[in-house]
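**Student:** have a look at this fold, sequence not included:
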């Protein structure tokens, strides 16, 4: 057993006796006395008050369901700043708070180091339309309107010419531009107690937890608009853009030819439907590294489960290095894609380099705290929300040539 620090023990006893002799105890006195009793017992057994403090912090984190462990210097700094961000006095929503770690800007937002890279990374794992490896992603510091050049030239091909023969010039088949701006989004409120925020390790964990929650919530909200938004005060999504261009989808016939069952094109899709979609995509787009099938996980699960008339798996979905492929083309997930159902569009095949997602990152966006709202401050709680800006556009409008996307639509 470690040696008892009698000076520390004596100091704790004096403080405890002083509090116990008070004629009336406040709740703060009672909490302090409870702590002193624990500390006195621990110090008598060779521990230090620092050990007791650490145990108390770990216990608070454990009760809150938060991770326990030592922080790096950077994590500790972020924790202190997040704690100050939450505890800023005399403020309502949007009052001056921390902006960048360790600095004040009066903008009302807290943007910890690594916030945007972590947010974007989590969003890209959630939806193909945020993944710069799967589509075209622009990350800008502002939300000013940007014109994007669009071009279509699949119709023009090289031809043989005679030696010293004449050459003719041919313009690019279709040249225009698409406009991309930035729409503002706010996540739902994330609420936690002041007690958790006051614990430094808990504060860091809350900051990390908030980023995780917000990445998912923003991805689901923004991702839906990027895919199916109607363009009224929001992004015109990819599928509505294709409809506006008059792109005719392949109509599903269903999986009955595979299973021998009674499925129809209104309630199922089969291998012949996917083959027809692939056949309708111009081969020029198939060579793109960003060409992929797009569907939600439920549709992928349905295709994984397709069986033959004999009940054996069809295995149309193949896994390469753990990633699903159909007919050698990777399958990407977008949760906002329709489920299989009458008149729905559950599958999209195309070259996603033609879809541009714009994400805005600057110090005017990030985490902001809310205290003066019903059910918060009077219950010792605070709320945190995340503000974010995004937009998207289809970089193609050549109606005279083959489109870079082919939708699969279930029968009505």
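**Tutor:** Received it, and whenever you're ready, just let me know what you need. As the structure is a prediction and not an experimental result, all values here were calculated from the model.
**Student:** doesn't residue 30 belong to a strand?
**Tutor:** No - using DSSP: H, G, I helix; E, B strand; the rest coil, the assignment for residue 30 is helix, not a strand.
**Student:** phi, psi of the most centrally placed residue in the chain?
**Tutor:** The residue lying closest to the centre of the chain (Cα atoms, centre = their mean) is residue 123, at 2.6 Å. Note on residue 123: its backbone torsions stand at phi -70, psi -40 [degrees, to the nearest 10].
**Student:** ok, it touching residue 218?
**Tutor:** Yes - counting by Cβ atoms under 8 Å, residue 123 touches residue 218, with 6.5 Å between them. All C-beta spots, glycine's among them, are computed from the backbone N, C-alpha and C.
**Student:** so, low pLDDT: which residues of the stretch 151-300 of the chain?
**Tutor:** 151-176, 194, 196-208 (pLDDT under 70).
**Student:** quick one, grab the pLDDT at the residue nearest to the centre of the chain.
**Tutor:** If you check residue 123, the pLDDT there is 80.
**Student:** and the one 5 residues further on, by the same measure?
**Tutor:** We have a pLDDT of 90 for residue 128.
**Student:** show me the contacts for the nearest residue to it once chain neighbours are set aside.
**Tutor:** Excluding the flanking residues, the one nearest residue 128 by Cβ to Cβ, 6 or more residues apart in numbering is residue 332, at 3.9 Å. Applying Cβ atoms under 8 Å, 6 or more residues apart in numbering to residue 332 gives the contacts 128, 131, 134, 292-294, 352.
**Student:** and if you look at residue 273?
**Tutor:** Taking Cβ under 8 Å, 6+ apart as the test, what residue 273 contacts is 250, 252-255, 265, 347, 408.
**Student:** in PyMOL, select just the buried ones from those.
**Tutor:** Command for PyMOL that selects the buried part of those, burial taken from 16 or more other Cβ atoms under 10 Å:
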select buried, resi 250+252+253+254+255+265+347+408
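**Student:** check the gap between residue 269 and residue 380 for me.
**Tutor:** For residue 269, the distance to residue 380 (Cβ to Cβ, to the nearest Å) stands at 52 Å.
**Student:** so these two - more neighbours on which side?
**Tutor:** Between residue 269 and residue 380, residue 269 has the larger neighbour count (other Cβ atoms under 10 Å), namely 28 against 10.
**Student:** hang on, the earlier thing: centre of the chain versus the host helix or strand of the residue nearest to residue 128, how much separation?
**Tutor:** Per DSSP states H and E: residue 332 is located in strand 329-333. A distance of 18 Å separates the centroid of the chain from that of strand 329-333, by Cα atoms, centre = their mean, to the nearest Å.
**Student:** note down every partner strand of that strand and its orientation.
**Tutor:** strand 291-295 (parallel), strand 323-326 (antiparallel) (DSSP bridges).
**Student:** tell me which of those strands is the most buried.
**Tutor:** Comparing those by mean neighbour count (mean count of other Cβ atoms under 10 Å), strand 291-295 ranks first with a mean of 25.
**Student:** who touches that one?
**Tutor:** 128, 134, 274, 281, 285, 326, 329-334, 337, 346-352.
**Student:** just the buried ones from those residues?
**Tutor:** 128, 134, 274, 281, 285, 326, 329-334, 337, 346-352.
**Student:** quick one, helices of the protein?
**Tutor:** 6-20, 27-44, 49-63, 73-87, 115-126, 194-198, 200-228, 238-244, 256-259, 271-280, 283-286, 297-304 (DSSP state H).
**Student:** picking that back up, save the contacts of residue 332 as TSV, and put in distance to residue 181 too.
**Tutor:** Output for these, formatted as TSV (distance: Cβ to Cβ, whole Å):
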residue	distance to residue 181
128	22
131	21
134	22
292	26
293	29
294	24
352	21
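**Student:** of those, closest to residue 26?
**Tutor:** residue 131 (54.6 Å; Cβ to Cβ).
**Student:** pLDDT value on residue 14, please?
**Tutor:** 84.
**Student:** number of residues surrounding it?
**Tutor:** So residue 14, with other Cβ under 10 Å, has 10 neighbours.
**Student:** any idea how far it is from residue 7?
**Tutor:** 11 Å.
**Student:** likewise for residue 310?
**Tutor:** 83 Å.
**Student:** how about residue 127, nearest residue that isn't a chain neighbour?
**Tutor:** Closest to residue 127 by Cβ to Cβ, 6+ apart is residue 223, at 4.0 Å.
**Student:** that neighbour against residue 131, yeah?
**Tutor:** No - taking contacts as Cβ under 8 Å, residue 223 lies outside contact range of residue 131: 10.8 Å.
**Student:** just want to know which of those two has more residues nearby.
**Tutor:** residue 223 (25 against 22).
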